[in-house]
Each structure stands twice: as structure tokens, then as C-alpha cells.
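J.: Here's my sequence, what's the structure:
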Amino acid sequence: MSLRRLLICTACLASLLAFSADLDRADASAPDRSGRCLSAVHDRQLRVRIYPARGWHVRCVSSIHVSGLSNVIGLTLSRSHLILVDAHRGDPLTTLAHELAHAFSLDRMSPGLRSRFTRRMGSRSFSTGTSWATTPAEIWAFNQARCAGYTTAARTRAVSCRVIRTFVRATS
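T.: Numbering: from 1, shown residues only. Below is the predicted model:
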């Protein structure tokens, strides 16, 4: 497995954990003002394509530390409405797209809609699975970002963009 794929997989696992136990205890380094990450944060097209995420704050940081995990490049903290993006590893734009998709599923998808998507994936819980790649939360975030044009090296189950759009429209 390539280092990039490992970093993205680890980020997905960290995002998954944010659903089941809010990781507000995650430790992030001081804010990082690198151009690529700040450019991603201020990319209006990204917010239009994925989710404006009003009320959420995005911080570019030099590193993210979560107990039990390493090489985390993105993290969505549901309780504090905070998205952390590692400014130096991975592609900040695709990482942020994936994390915004998690924010979308938390904010816009009702518990019933998340359950419907979960059942469609053949699972019982939106936030758990046998591995990060099998959790409906990760399948959702990966595919919502992919269907908007932001594809990462991480791979999980592909869902047709027609299905993703159907669920997005159901939140309106």
C-alpha cells in the first residue's frame, strides 16, 4: 500500500471515529497558513459542489494527532463543528471535499435518511463496519466527494452518482 493511500485510509478511519465518538480531544498543531490549504478553505466552487457548511470552521494545521491513529490528514469533529486539514500531507482540496461530505451527512441527512443509505449499503450502522472502507459514513463521504469531482486515492465501495444525487436531493 502506498504512503498516500495509507494516509488517506487513516484519514477516513479518523473521520469514521468522529461519528461514533466525537474526537474533540484530538490534538492539532498550531494553525498553518500554507497557501495550498488556505486556497482549499476559500475555494467557493468546492463549497458549492459539496456543502457550504455554514457554522463549521475549517482549520489548516501542520499535523493532527488522535490517540491510537497515525498519519491523519483530515478530521471532522461533529460536536465542535470543526474540520481539521493537514496542510502538508495529501491534497488539501480533496481532503476538505471528503470532510465536507461528512459534515453534509451530519447536518443535512436526517437519521432516517442515513438509515436508508445504510440499509442500501447492506449495513446496520452508518458509522461502523468491518473496516473503514465498509462503513456507510466513509462510503458516503468518498462518493459524495467523487461525484463532485474530488477523487482521492483511497478506495471504498463505489456508489453511482445518480444514487448520491437522489440522497442529496432528499435533504432539500
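J.: And the residue nearest the centre of the chain, how close does it get to Gly112?
T.: In the chain, the C-alpha nearest the mean C-alpha coordinate belongs to Glu99, at 2.7 Å (Cα atoms, centre = their mean). Glu99 is 24 Å from Gly112, where distance means Cβ to Cβ, to the nearest Å. Where you see a C-beta, it was placed from the backbone N, CA and C, and this is true even at glycine.
J.: Ile64 is in contact with Ile83, correct?
T.: No - contact criterion Cβ atoms under 8 Å: Ile83 and Ile64 do not qualify, at 10.7 Å.
J.: hey, what's in contact with both of these two?
T.: Gly74, Leu75 (Cβ atoms under 8 Å, 6 or more residues apart in numbering).
J.: for the protein, where's the lowest mean pLDDT among helices and strands?
T.: Sorting the helices and strands of the chain by mean pLDDT, DSSP states H and E puts helix 3-20 at the bottom, at a mean of 43.
J.: What's the per-residue pLDDT of Thr134 here?
T.: Per-residue pLDDT puts Thr134 at 88.
J.: what sits against it?
T.: Contacts of Thr134 by Cβ under 8 Å, 6+ apart are Ser123, Thr156, Arg157.
J.: Let me know the pLDDT of the residue lying closest to His88 once chain neighbours are set aside.
T.: Spatially, and ignoring its direct neighbours in sequence, His88 is nearest to Ser62 (6.2 Å; Cβ to Cβ, 6 or more residues apart in numbering). Listed pLDDT for Ser62 reads 90.
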